[in-house]
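S.K.: Give me the fold of what follows.
(2 chains)
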Amino acid sequence: GENVEQHPSTLSVQEGDSAVIKCTYSDSASNYFPWYKQELGKRPQLIIDIRSNVGEKKDQRIAVTLNKTAKHFSLHITETQPEDSAVYFCAASSPSGGSYIPTFGRGTSLIVHP
Amino acid sequence: GAGVSQSPSNKVTEKGKDVELRCDPISGHTALYWYRQRLGQGLEFLIYFQGNSAPDKSGLPSDRFSAERTGESVSTLTIQRTQQEDSAVYLCASSQLGVGTEAFFGQGTRLTVV
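M.R.: As a prediction, the model looks like this:
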């Protein structure tokens, strides 16, 4: 099955700095890569996703890049703000076996200091 | 509109008791997932339902765990003879069928086994 590794586990930045979270996956058949943000005590919510036919996608201060050859993808947050503080999860979804189960990384706790 | 709803939001149970957790997916979502999230940890896949197909139970940690879903409706996750290590937040998510579709999460059920 799919295996997703996520680094770092904790990331501390100053307000205004950029933050980068990296993930690798193992199943070359994976073709959908969502990123979720989970604020303390709340449910995970999708913030951006990318499909395998695209190498990069941007949405305001958030961007995701995908390198299918190397099987890794990254989340980039620019001009970080205190409200960006949360746990971020990457995931990879593969149609292998007819199931479309997102496999999640272990999460990155992002702390943005004012 | 209505999102994914889970009940109860909190459950405290004695070791050895059985518990049943409920998930109401978004109407029209054929795929339903259960995940477990231990304190400060990532999302651990438990079970996946897709329409009327046989569920993917590959993530269930032991035979004390089971889940049911009738068609595209409500799902229940049952944990028999609960143990302290079962304490976690149990998250349900639903999505439309296929890879590349957003999984919407419920608010979770926080289970505490004492």
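S.K.: Going by C-alpha atoms from here, please, whenever you check contacts or count neighbours.
M.R.: OK.
S.K.: Can you pull the poorly scored residue ranges out of chain A?
M.R.: Scanning chain A for pLDDT under 70 picks out the ranges A:96-99.
S.K.: An error on my part: the question was meant for chain B.
M.R.: In chain B (pLDDT under 70), the answer is B:1, B:98-99.
S.K.: In it, what residue comes closest to chain A?
M.R.: B:Gly42 (4.1 Å; CA to the nearest CA).
S.K.: Distance check, that residue against B:Val114.
M.R.: 23 Å (CA to CA, to the nearest Å).
S.K.: what's the answer for A:Arg61, then?
M.R.: Counting by CA to CA, the gap from A:Arg61 to B:Val114 is 44 Å.
S.K.: Measure how buried the residue of chain B closest to chain A is and give me the count.
M.R.: When neighbours are defined as other CA atoms under 10 Å in any protein chain shown, B:Gly42 has 18 of them.
S.K.: now the closest residue to it other than its chain neighbours: how far from B:Gln37?
M.R.: Nearest in space to B:Gly42, with sequence neighbours left out and distances taken as CA to CA, 6 or more residues apart in numbering or on different chains, is A:Arg106 at 4.1 Å. Distance from A:Arg106 to B:Gln37, counting by CA to CA: 10 Å.
S.K.: got any residues that touch both of those two?
M.R.: The contact sets of A:Arg106 and B:Gln37 overlap at B:Leu43 (CA atoms under 8 Å, 6 or more residues apart in numbering or on different chains).
S.K.: Who does the residue nearest the centre of chain B form a beta bridge with?
M.R.: Taking CA atoms, centre = their mean, the centroid of chain B lies closest to B:Trp34, which sits 3.2 Å from it. Counting by DSSP bridges, B:Trp34 is bridged to B:Ile47, B:Cys92.
S.K.: Can you report phi and psi for B:Val4?
M.R.: Dihedral pair for B:Val4: phi -80, psi 130, per degrees, to the nearest 10.
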